[in-house]
Every structure is written in C-alpha cells, then in structure tokens.
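In: okay, sequence plus prediction incoming.
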Amino acid sequence: MSPPPARTTRRTELTVTALCFAVIVFDGYDLIIYGATLPGLLEYRDWGLTKTEAGAIGSYALIGMLVGALVAGTVTDLIGRRKVMMIGVAWFSLAMIGCALAPSPTWFGLFRMIAGLGLGGVMPTAVALTAEHSRADRRSLNNAIMFSGYSVGGVLAAVLTMNLMPEYGFRVMYWTAAAPLLLVPVLWRLLPESESFLAARGRHEKPKRADLGWGDDPPHPPEELAGSEGPAVPPRRLGVTALFERRHLMPTLLFALTSFLGLLLVYGLNTWLPQIMKSAGFPLSSSLLFLVVMNAGAVVGTVLVAPLGDRLGMKPVTASAFLTAAVSITLLSFATAEPLMYVLVAVAGFGTVGTQIMINAYVAMHFPAEIRATALGWTLGIGRLGAILGPTFGGYLLAADIDVSWNFYAFAIPATLGVALVLFLPAKEKAAGAVPSRAGARQPA
C-alpha cells in the first residue's frame, strides 16, 4: 500500500496536536487553580486552614495523579490511548464539580485527589499521541507546543482568579473547571486512536511512512517477523514488563528521578508562588500576576527552545533548562526591583515547567513507539512523588516563618541536582520508531 498524501498526514498531525493541547490547557488550569485560589482558601474563615494543612491538600491531587499515571500507563495498552484520554477528561471535570460543592476541607481534599486520577492519566497519553502522530523532525517542537497548554491553563487560572475570586469567592473557579466536559464529544469525533495500538491487535494495517519521515511504523505482529528473507525475530515484550528489560531498566529509573525533581519544582512553585510573593510584601493582585508571568515565560521559552532538542539532542537542552531554573530562582532571593523580579520569574517559568516538558519529550524520543505511553505513564507516575512533595515542602517552609530568601533557595537546590542527574541520562535518543524488519534488521523511523 502506498503512503497517504502528505496533506492528509499533516492534517492528522495538526489535529492531534491541537486536541491534546486543548486537553492539557484544562489539565493545567485544574492543577494551577489551587495555587491561584490558595490565598482565598487561607482567608476563608469557615474552614480555618493552616499553611501546613493547605500544603497537604495541595499534594492530594498529585497523589491521585501518581496513581492515575501508573494506571493509565498500564491500561493504555489494553483499551487504547483514545479511550484513556476521554475517560480522564470526563473524570477530572466531574471531580472539580465536587470541589466546587465541597462543604469542608476534608471533602475538598478528597475531590482534589479524585480529580488527580484523571489528570494523571491524560498527561502521558497526550504526550504519547502527539509524538506518534508527529514527523520525526518535529516531535520535540510539537510536544513543546502541546505541553505549553499546561502553562496556558496556568495563565488562564491566574487571570480568572484575579477578576472573579474577589467578587464571587473561590468556588466559582472550580465550577469553571468543569468546562472540559464540553470537549469530550469533540475528542470522540476527531481524536484518532494510536495506530501502533491498532496494528498490534491486527485491526489496522498502517501504511509505511518511513520514506516521508512521518511518525512511527507500528510494531509488526510476531507472525510477520518470520519470512523468506531471514530467521524469525522473537517478539518484543510490550507494556510494563518491557520497562524492566535490561536495556530499558536504567533509563526508566533515571528518567523517573529526573521527573521527580522537575515535578517538585513545577508543582511546588505553582502552588506557593503567589503566597511566597504575598509574604514578601506584594498585594494579592501582584502576587497572582507573578503566577501569570511565570507560566507565560514557560510558554514562550519552551516554544523557542524546543526546536533545539530536535537539532542538538534532548540531553544538552534539558540540562540547560535545569541550570536556567537554578540560576533564576537563586537570583530571585537577591532581586529587589520589581521589574527585574518579573523577568526572573518568567525565566524561572521556562526553567521549571519548560524543563519538565523537555523531560517528557526526551522520554517520548528515547523509548520505542509500542511502549512509549507506558514509559511516559510510569516515569511520570514515579516522578509524581516529587510533585506530591513540592506543595507539602512549600507549606512547611512558609509555616516555619524563615527568611523569605530561603523560600527560593529551597527550590534552587533541586534544580541544581537536576543538572547533575541529566548528565547520567542516555547521550543520544534511540530511534524511537525503529522496528525490526522481516529480516531482523532495524529500520529507522
């Protein structure tokens, strides 16, 4: 069968990237809205939250995301990535309605944890679908554009909170978070299933696109690997078991540790930056504006830098992003001029959120297509321990009433450790789309 016209394939690439971007916008909104509304929650007298309790509640959604990412990474090979995406979006949207109606902090925290199950499932699924439907020379860029939706959602959360929460209270922000329910029918209509998932089940014969450099060829069914051209090639293990093969085990562990540090920075700062700035003497409106600037910096910086990952490789780009975070966050402890602080916060946005985007792209480019979603789900799932620690860590820092500068040093240290850890990652990405030929040779994506 001849390859499809480039126009059709390009349209699919754009459609998948756009739909996954939209999902991640809402994913980012639902996660960052807690940090944006946190000053209002702390001032809500009916609940009487302490900073330590607020930090713990901030971690509940991330505990749910850990479980959700691990479950999604397992079941995606059973039911398909498209279904995982739609179920996840509907799940976290309904849970956010529960947050809006919560009568107490206990119920609020419970619904945040339930929402985390869906949020954790859609993120690795979106990365895997975007990578699979992208040209090989645009995977990093498309992933960055798609994942920048997280920061766009953060900007949206902060801007809406600035305008709505003072008049209507924090609950309206969680009612707004139910809007992604409207996206589910669109996903059902337009989002294609993973072709490697379909091919592995004999439900679809995907045209080969290696000559066009487009996407990945699906894994050949085991019975097709034996032919007149050479001996049979043993079938690959798929799913979670493949991650524990000798060749994948060490990269899986290293990527998980790197994600631990990246997610600690992302969720620690997105949860506590407005409150840190408020403690430093800024009014609530300015404190929320810092959150807007940080996420805007993440969008702009990531889209500008991501193409370098396709050209130079993900290792130097990811290490540089971690270093950018360490330097900018450290300088925030010394800066006094407000314009300079906005610039440093924007740079820190790229160094934190942008770094995690680079890590996700690195994982997607390293692992073969047939286990890519599983690898993303498990490395992000284990990395969620850092995301869980981030809000709790920030809550203890603020509750300890230490010097404001240490609120920044405490996040600069893990960024510095991240630079060192990246040095141990694989030097070059494997041909993620490579599959054995009928003769047992490796074919490039």
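Out: Happy to help now that I have it.

In: could you pull out the helices in the stretch 1-150 of the chain for me?
Out: Assigned by DSSP state H, counting those that start in this stretch, the stretch 1-150 of the chain shows helices spanning 6-42, 51-79, 81-101, 105-132, 139-168.

In: same check, this time on the stretch 251-400 of the chain
Out: Along the stretch 251-400 of the chain, the stretches classed as helices by DSSP H, counting those that start in this stretch are 284-312, 314-332, 338-349, 355-366, 369-399.

In: a markdown table for those, including distance to L19, mean pLDDT and mean neighbour count?
Out: C-beta: built from backbone N, CA, C; applies to glycine. What follows is the helices of the stretch 251-400 of the chain, written out as a markdown table (distance: least, Cβ to Cβ, whole Å; pLDDT from 0 to 100; neighbours: other Cβ atoms under 10 Å):
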| stretch | distance to L19 | mean pLDDT | mean neighbour count |
| --- | --- | --- | --- |
| helix 284-312 | 18 | 84 | 21 |
| helix 314-332 | 24 | 91 | 22 |
| helix 338-349 | 24 | 90 | 20 |
| helix 355-366 | 17 | 84 | 28 |
| helix 369-399 | 16 | 80 | 25 |
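
In: what about those helices, which gets the closest to L117?
Out: For those, proximity to L117 was assessed by Cβ to Cβ; helix 369-399 is nearest, at 11.6 Å.

In: okay if I get the helices of the stretch 251-400 of the chain as TSV plus distance to L70?
Out: Putting the helices of the stretch 251-400 of the chain into TSV (distance: least, Cβ to Cβ, whole Å) gives the following:
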stretch	distance to L70
helix 284-312	26
helix 314-332	23
helix 338-349	28
helix 355-366	15
helix 369-399	4
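
In: between those, which one is nearest to G28?
Out: Nearest to G28, of the helices of the stretch 251-400 of the chain and by Cβ to Cβ, is helix 284-312 at 7.8 Å.

In: so, low pLDDT: which residues of this structure?
Out: Filtered on pLDDT under 70, the chain yields the residue ranges 1-8, 196, 200-240, 427-445.

In: can we see that at 50?
Out: 1-8, 205-235, 430-445 (pLDDT under 50).

In: before we move on, back to that, most tightly surrounded among the helices of the stretch 1-150 of the chain?
Out: With neighbours taken as mean count of other Cβ atoms under 10 Å, the helices of the stretch 1-150 of the chain reach their highest mean count in helix 105-132, at a mean of 25.

In: among the helices of the stretch 1-150 of the chain, which is nearest F260?
Out: Comparing the helices of the stretch 1-150 of the chain by Cβ to Cβ, helix 51-79 comes nearest, at 10.9 Å.

In: compute the inter-axis angle for the closest one and helix 81-101.
Out: 150 degrees (axes from the mean of the first three to the mean of the last three Cα atoms, to 10 degrees).

In: return the distance of helix 51-79 from the chain's centre.
Out: Centroid separation for helix 51-79 versus its chain: 12 Å, with Cα atoms, centre = their mean, to the nearest Å.

In: contact partners for the spatially most central residue of the chain?
Out: Nearest to the geometric centre of the chain sits M123, at 5.2 Å (Cα atoms, centre = their mean). Contacts here follow Cβ atoms under 8 Å, 6 or more residues apart in numbering; on that basis M123 touches I24, D27, M65, A69, L380.

In: please apply the same query to G418.
Out: Residues counted as contacts of G418 (Cβ under 8 Å, 6+ apart) are T258, L261, G262, L265, F322, A325, A326, T355.

In: next: T302.
Out: With Cβ under 8 Å, 6+ apart, T302 has these contacts: A144, F147, S148, S151, F350, V353, G354, I357, M358.

In: switch to 7 Å and redo it
Out: A144, S148, F350, G354, I357 (Cβ atoms under 7 Å, 6 or more residues apart in numbering).

In: the closest residue to the fourth one other than its chain neighbours and P339: what is the separation?
Out: Spatial nearest neighbour of G354, chain neighbours left out: T302 (4.1 Å); criterion: Cβ to Cβ, 6 or more residues apart in numbering. According to Cβ to Cβ, to the nearest Å, T302 and P339 sit 23 Å apart.

In: please apply the same query to T241.
Out: 53 Å.

In: swap in A412?
Out: 21 Å.

In: again with V300
Out: Distance from V300 to P339, by Cβ to Cβ: 17 Å.

In: and for A72?
Out: From A72 to P339 the distance is 42 Å (Cβ to Cβ).

In: cool, and A325?
Out: 20 Å.

In: same check, this time on A22
Out: For A22 relative to P339 (Cβ to Cβ), the value is 33 Å.

In: what would the contacts of G418 look like in CSV with distance to I79?
Out: Output for the contacts of G418, formatted as CSV (distance: Cβ to Cβ, whole Å):
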residue, distance to I79
T258, 29
L261, 32
G262, 28
L265, 33
F322, 35
A325, 37
A326, 41
T355, 31
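
In: and those residues, which two are furthest apart?
Out: T258 and A326 (14.1 Å).

In: list phi and psi for F334.
Out: Note on F334: backbone dihedrals following degrees, to the nearest 10 are phi -100, psi -30.

In: likewise A400?
Out: Dihedral angles (degrees, to the nearest 10) for A400: phi -70, psi -10.

In: how many residues are close by it?
Out: 12 (other Cβ atoms under 10 Å).

In: quick check: chain neighbours aside, which residue is closest to E53?
Out: Here the residue nearest E53, using Cβ to Cβ, 6+ apart, is P105, at 6.8 Å.

In: do L243 as well
Out: T252 (4.9 Å).

In: what's the answer for A373, then?
Out: A128 (3.7 Å).

In: ok, that neighbour - contacts?
Out: R81, A364, R372, A373, L376.

In: out of these, what pair is the most spread apart?
Out: The most distant members of those, if one measures by Cβ to Cβ, are R81 and A364, lying 12.7 Å apart.

In: grab the nearest non-local neighbour of M162.
Out: L288 (4.9 Å).

In: ok, the one you found - contacts?
Out: For L288, the contact set (Cβ under 7 Å, 6+ apart) comprises A36, A158, T161, M162, P274.

In: and the first one, how far is that from R384?
Out: Between A36 and R384 the computed distance is 21 Å (Cβ to Cβ).

In: ditto for the fourth one
Out: For M162, the distance to R384 equals 29 Å [Cβ to Cβ].

In: for stretch 397-415, output the C-alpha coordinates as CSV.
Out: These are the backbone C-alpha positions of stretch 397-415, laid out as CSV (Å, rounded to 0.1, in the frame of the first residue of the first chain):
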residue,chain,number,x,y,z
LEU,A,397,8.7,26.4,54.6
LEU,A,398,6.1,29.1,54.9
ALA,A,399,4.8,27.7,58.2
ALA,A,400,8.3,27.8,59.6
ASP,A,401,8.4,31.6,59.1
ILE,A,402,12.0,31.6,57.9
ASP,A,403,13.7,34.3,55.9
VAL,A,404,12.0,34.8,52.5
SER,A,405,15.2,34.2,50.6
TRP,A,406,15.2,30.5,51.8
ASN,A,407,11.9,30.0,50.1
PHE,A,408,13.8,30.5,46.9
TYR,A,409,17.0,28.6,47.9
ALA,A,410,14.9,25.6,48.8
PHE,A,411,13.8,25.3,45.1
ALA,A,412,17.1,26.2,43.6
ILE,A,413,18.8,23.2,45.2
PRO,A,414,16.7,20.5,43.5
ALA,A,415,17.2,22.4,40.2
